[in-house]
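Participant: Sequence first, predicted coordinates after that:
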Amino acid sequence: MNGLDKRLHAWRDDLADERLKGRIEAGRFVVGRPARVGVPVADMLAEPDTSAGLNTQLLLGDHVLVFEEGPEWAWVQAVHDNYVGYVARSAIGAVVVEATHVVSVPRTFLYSGADLKLPRKACLSMGSRLSVDGFAETRGTRYAMLASGEALIAAHLEPVEESADDYVGVAEALLSTPYLWGGTSAFGIDCSGLVQLSLRMAGRPVPRDTDMQASALGEPLDPGADMAGLRRGDLVFWKGHVAIMLDGQEIIHANGHTMTVSREKLSAAVERIAYLYGGPTGFRRP
C-alpha cells in the first residue's frame, strides 16, 4: 500500500494527479486545470453516478483542480480541503477573477438587479464567494453588484480577508439547519460539515471528515474523567460524530437524532449516543 487516502489524493489506476508521480502507478498523469464552482452548491460524489451517494459539497466560488472532464461529470479536487470526487460538469466554471467577498449570513438571495422587488436568480449559502464589482443603493438598501448586473444585499457579505471572531457563534447562526449526510451548506449540513464551515468562516482551514478532524484539527485535549475541563469551542468526538462545546455543559451539533443543527446537554448526548456507538472517543481544542 502507498499510504495515500483516495479522499485526499487524485489517483485511479488509469489516471492520477501529476504531483503523485513517483509515489503511485497510474496509466497516465495529468496536471489539474484550475477552475472554480459556478453554481450555488455542487454535490461531490465518490463515483460519476447519482446513485453513488453524497460525499461532500462545494460552494459557489470554491477553487478546484480539474483532472478529467466528460460529457456529464468532472473529476476534481477541492483546493480548500483537498477532497477528491466527481461533480456535475455543469457545476464547473472558469476562474475569471478572484473573489472579493463571502456570504456571511446563513442564506441570501441573488437578485437580477439592485432591487429586492426584482426576481431572485438564486439562493446562496454562507461561505459562498463572489467578486463584487461595485455598490448601489435603492430605497435606502445597499446592494453589492456583480459584473453580470446581478445584486446581493451588501450587509450579507464580508470582504474575504475578514473572518469571524468566534467560530462557535457562526455555528449558532446555523441552528435548525436541516441535517444532510455529506452536506456543507446552510441548506443542509452534517456534523463535520458544521465544524468545517464554522471554522472556515473564522479563517481556519479544516479537514472535511470526522476522522480527519479527530486526528489533525487543533490539539488533543484531556478534559478529565468528568469532562469538566471542556470550554466553549472545544470539540467532542464519537465514532463517526463530532460536536462543538457551547460552554462547559452544552453542545451544538448537526445530528441524526433531531435531523437538524441543535443544542443539547453534553451529558444527555453522551448517554443517548452510548446506546448505539459508545462513549466519546476524543477531545480537541481547535
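Facilitator: Looks like it came in fine. Since the model is a prediction, treat every value here as computed from it, not as a measurement.
Participant: ok, the residue nearest to residue 265 when sequence neighbours are not counted - contacts?
Facilitator: Nearest in space to residue 265, with sequence neighbours left out and distances taken as Cβ to Cβ, 6 or more residues apart in numbering, is residue 250 at 5.8 Å. (C-beta placed from N, C-alpha, C; glycine too.) Residues counted as contacts of residue 250 (Cβ atoms under 8 Å, 6 or more residues apart in numbering) are 263, 264, 265, 266.
Participant: quick check, nearest of those to residue 23?
Facilitator: residue 266 (41.9 Å; Cβ to Cβ).
Participant: Any idea how many residues pack against the closest residue to the closest one other than its chain neighbours?
Facilitator: With Cβ to Cβ, 6+ apart as the measure, residue 251 is the residue that lies nearest to residue 266, at 5.1 Å, once sequence neighbours are left out. For residue 251, the tally of surrounding residues (other Cβ atoms under 10 Å) stands at 24.
Participant: Isn't residue 144 up against residue 155?
Facilitator: No: when contacts are counted by Cβ atoms under 8 Å, residue 144 is not listed as touching residue 155 (9.1 Å).
Participant: Low-confidence bits of the chain, can you list those?
Facilitator: In the prediction, the chain carries residues with pLDDT under 70 at positions 1-2.
Participant: Please enumerate the helices of it.
Facilitator: Listed from the start of the chain, the chain has helices (DSSP state H) covering 167-173, 191-201, 210-216, 266-277.
Participant: out of those, nearest to residue 244?
Facilitator: The stretch from the helices of the chain with the least distance to residue 244 (Cβ to Cβ) is helix 167-173; that distance is 5.4 Å.
Participant: Tell me how far the closest residue to residue 187 other than its chain neighbours lies from residue 210.
Facilitator: With Cβ to Cβ, 6+ apart as the criterion, residue 187 has its nearest non-adjacent residue at 5.9 Å, and that residue is residue 125. For residue 125, the distance to residue 210 (Cβ to Cβ, to the nearest Å) stands at 21 Å.
Participant: ditto for residue 285
Facilitator: For residue 285, the distance to residue 210 (Cβ to Cβ) stands at 16 Å.
Participant: These two: which has the busier surroundings?
Facilitator: Between residue 285 and residue 210, counted using other Cβ under 10 Å, residue 210 has the larger neighbour count: 22 against 16.
Participant: tell me the contacts of that one?
Facilitator: With contact set as Cβ under 8 Å, 6+ apart, residue 210 has these partners: 191, 192, 237, 240, 241, 242.
Participant: Count the neighbours of the third one for me.
Facilitator: So the one you mean is residue 237. Using other Cβ under 10 Å as the criterion, residue 237 is surrounded by 21 other residues.
Participant: In this structure it contacts residue 280, no?
Facilitator: Yes: contact between residue 237 and residue 280 holds when scored by Cβ under 8 Å: they sit 6.3 Å apart.
Participant: State the number of residues packed around the closest residue to residue 239 other than its chain neighbours.
Facilitator: If you skip the residues right next to it in sequence, residue 239 has residue 277 as its closest partner in space, 5.0 Å away by Cβ to Cβ, 6+ apart. Residue 277 sits with 13 neighbouring residues when counted by other Cβ under 10 Å.
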